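K.L.:
the following comprises the amino acid sequence and a computationally predicted model.
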Amino acid sequence: MTSKSRCRFLAMLALVFVVVMVWYSISGEDTYFDLFYLPNSEKKEPCFQGEAERQASKIFGNHSREQPIFLQLKDYFWEKIPSTYELPFGTKGSEDLLLRVLAITSYSIPESIQSLRCRRCVVVGNGHRLRNSSLGSIINKYDVVIRLNNAPVAGYEADVGSKTTIRLFYPESAHFDPKIENNPDTLLVLVAFKAMDFHWIETILSDKKRVRKGFWKQPPLIWDVNPKQIRILNPFFMEIAADKLLSLPIQQSRKIKQKPTTGLLAITLALHLCDLVHIAGFGYPDAYNKKQTIHYYEQITLKSMAGSGHNVSQEALAIKRMLEMGAVKNLTYF
Ligand SMILES: CC(=O)N[C@H]1[C@H]([C@H](O)[C@H](O)CO)O[C@](OP(=O)(O)OC[C@H]2O[C@@H](n3ccc(N)nc3=O)[C@H](O)[C@@H]2O)(C(=O)O)C[C@@H]1O
Ligand SMILES: CC(=O)N[C@@H]1[C@@H](O)[C@H](O[C@@H]2O[C@H](CO)[C@H](O)[C@H](O)[C@H]2O)[C@@H](CO)O[C@H]1O
């Protein structure tokens with residue numbers, strides 16, 4: 001090869017490299033780092049920008065992306081957008097309490113999530129099938145790990161990982177020692193079911209007089225958290241999970257109080273926050289399986305859920321549908 005043709009060959013090679021890099025960045029495909037820099041064991045799932053959004057619009061309609069993930073003070077203070085439904089599907093009637101809560105908490109999506117070109121998320125359900133799964137190191141590799149209620153990580157790291165980016169909770173499901181089971185920067189996202197849930201968070205954060213009445217299980221009375229970590233989930237996600245995934249009536253009579261589980265709500269949220277959504281630890285035993293424990297961390301059975309207002313077989317169908325259409329992928333079996 002003459003030096004001139006060698007130069008031409010090298011220039012061509014450089015051009016091809018640049019074109020490939022530009023293509024990856026334009027297409028939103030986030031794997032070129034993996035292809036070029038990361039050793040095999042570190043490889044992440046390919047992530048396609050906007051993929052979850054495309055899937056979510058098929059399930060929830062085109063406009064659900066316009067909704068803020070967390071409630072913001074300005075929407076209740078300046079603009080006062082009226083809500084159609086009461087809790088847990090809307091904020092109608094709870095505006096005054098909410099104003100006080102939003103004044104002492106925050107609504108931003110942290111820069112660490114905001115700055116990601118492609119958000120890989122995993123929603124970790126509390127199901128028994130995580131036990132002995134050895135999924136811990138795989139779960140820790142996702143950009144965003146969403147956990148639920150008081151599900152522990154301490155002592156279960158090998159199966160469920162140790163990273164918690166977001167934790168959904170309500171007063172009765174809040175872990176009494178949030179520092180042990182979360183990271184210092186974990187977002188603690190309140191899912192409100194009743195006005196008392198707003199009142200509880202206000203009394204905790206502003207150290208006001210605690211109220212015992214109105215909870216079905218005793219919530220923490222002292223809760224060592226930074227108000228900057230707290231967010232209030234937009235009840236819109238509860239509404240669309242109930243309506244679009246479970247076809248539940250939104251305006252319910254006082255007697256029937258059906259609602260999605262926190263896990264199904266978290267999948268709905270992830271489809272709006274993320275680009276890729278994987279799930280793990282979802283799935284209940286069959287109804288006849290009366291002795292099978294349901295959690296990876298404690299021995300309780302389906303019986304404990306009687307009266308909870310959840311239809312687990314209907315939810316299983318909804319999750320199956322999302323798996324079949326490729327909206328989510330499951331790391332455990334279903
Ligand atoms: C007694 C009772 O009310 N139990 C409810 C508990 C309880 O309040 C909390 O654990 C706090 O103690 O919370 C729930 O749920 P729980 O905290 O059990 O589980 C969180 C979510 O994981 C998914 N899951 C769980 C177990 C299992 N075998 N398969 C699953 O798919 C579900 O999506 C579930 O939502 C809840 O908030 O939804 C629903 C449960 O009904
Ligand atoms: C009116 C009332 O407080 N009902 C309680 C339900 O909300 C509660 O269900 C529980 O309510 C939670 C919200 O507070 C979550 O939705 C959870 O998934 C669900 O299991 C059950 C628990 O056994 O007790 C009733 O008295």
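P.N.:
Perfect, thanks for sending it. This structure is a prediction, so every number in the text was calculated from the model and none was measured. Ligands and ions are numbered 1, 2, ... in the order given.

K.L.:
what segments of the stretch 1-150 of the chain are helices?
P.N.:
3-27, 32-36, 51-60, 73-77, 95-104, 111-114, 136-140 (DSSP state H, counting those that start in this stretch).

K.L.:
of all those helices, which one is nearest K290?
P.N.:
K290 lies closest to helix 136-140 among the helices of the stretch 1-150 of the chain, at 29.9 Å (C-beta to C-beta). (Each C-beta comes from the backbone N, C-alpha and C, glycine too.)

K.L.:
what's the spacing between the most centrally placed residue in the chain and I250?
P.N.:
By C-alpha atoms, centre = their mean, the chain has its centre lying nearest to A266, at 3.8 Å. To I250, A266 is 19 Å away according to C-beta to C-beta, to the nearest Å.

K.L.:
got it, and I294?
P.N.:
In terms of C-beta to C-beta, I294 sits 27 Å off from I250.

K.L.:
give me the more crowded residue out of the two.
P.N.:
Set I294 next to I250 and count neighbours by other C-beta atoms under 10 Å: I294 wins out with 21 against 14.

K.L.:
residues contacting that one?
P.N.:
N126, G127, H128, Y284, P285, I300, T301, L302, S304, M305 (C-beta atoms under 8 Å, 6 or more residues apart in numbering).

K.L.:
mind running it again at 6 Å?
P.N.:
I294 sits next to H128 when contact means C-beta atoms under 6 Å, 6 or more residues apart in numbering.

K.L.:
same question for Q229.
P.N.:
L188.

K.L.:
pLDDT at the residue lying closest to T165 once chain neighbours are set aside, what is it?
P.N.:
Ranked by C-beta to C-beta, 6 or more residues apart in numbering and with sequence neighbours excluded, the top spatial neighbour of T165 is V144, at 4.4 Å. On pLDDT, V144 comes in at 98.

K.L.:
would you mind confirming that V144 makes contact with C121?
P.N.:
Yes - when contacts are counted by C-beta atoms under 6 Å, V144 is listed as touching C121 (4.1 Å).

K.L.:
ok, those two, which is more surrounded?
P.N.:
C121 (27 against 23).

K.L.:
which one is the more buried one nearest to, not counting chain neighbours?
P.N.:
Nearest one to C121, counting by C-beta to C-beta, 6+ apart, is C274 at 3.7 Å.

K.L.:
what is the burial count for the one you found?
P.N.:
Neighbours of C274 (other C-beta under 10 Å): 27.

K.L.:
if I pick it, what's in contact with it?
P.N.:
Contacts of C274 by C-beta under 6 Å, 6+ apart are A52, R119, C121.

K.L.:
S64 now?
P.N.:
Counted by C-beta under 6 Å, 6+ apart, S64 has contacts I240.

K.L.:
what about it, distance to ligand 2?
P.N.:
In this structure, S64 lies at 21 Å from ligand 2, with C-beta to the nearest ligand atom, to the nearest Å as the measure.

K.L.:
now swap in P227 and tell me
P.N.:
To ligand 2, P227 is 22 Å away according to C-beta to the nearest ligand atom.

K.L.:
and that residue, how far from ligand 1?
P.N.:
Distance from P227 to ligand 1, by C-beta to the nearest ligand atom: 22 Å.

K.L.:
N140 now?
P.N.:
19 Å.

K.L.:
wait, isn't that residue in contact with K163?
P.N.:
Yes - shown here, N140 and K163 form a contact pair, counting by C-beta under 6 Å, at 4.7 Å.

K.L.:
looking at the two, which one has more neighbours?
P.N.:
Neighbour totals were compared for N140 and K163, and K163 leads with 21 against 14 (other C-beta under 10 Å).

K.L.:
okay, and the closest residue to ligand 1 within the chain sits in which element?
P.N.:
Of all residues in the chain, G263 sits closest to ligand 1, at 1.9 Å by C-beta to the nearest ligand atom. Assessed by DSSP states H and E, G263 sits inside helix 262-273.

K.L.:
outside of that helix, which residues touch it?
P.N.:
52, 56, 69, 121, 123, 125, 146, 148, 168, 237-238, 241, 277, 315.
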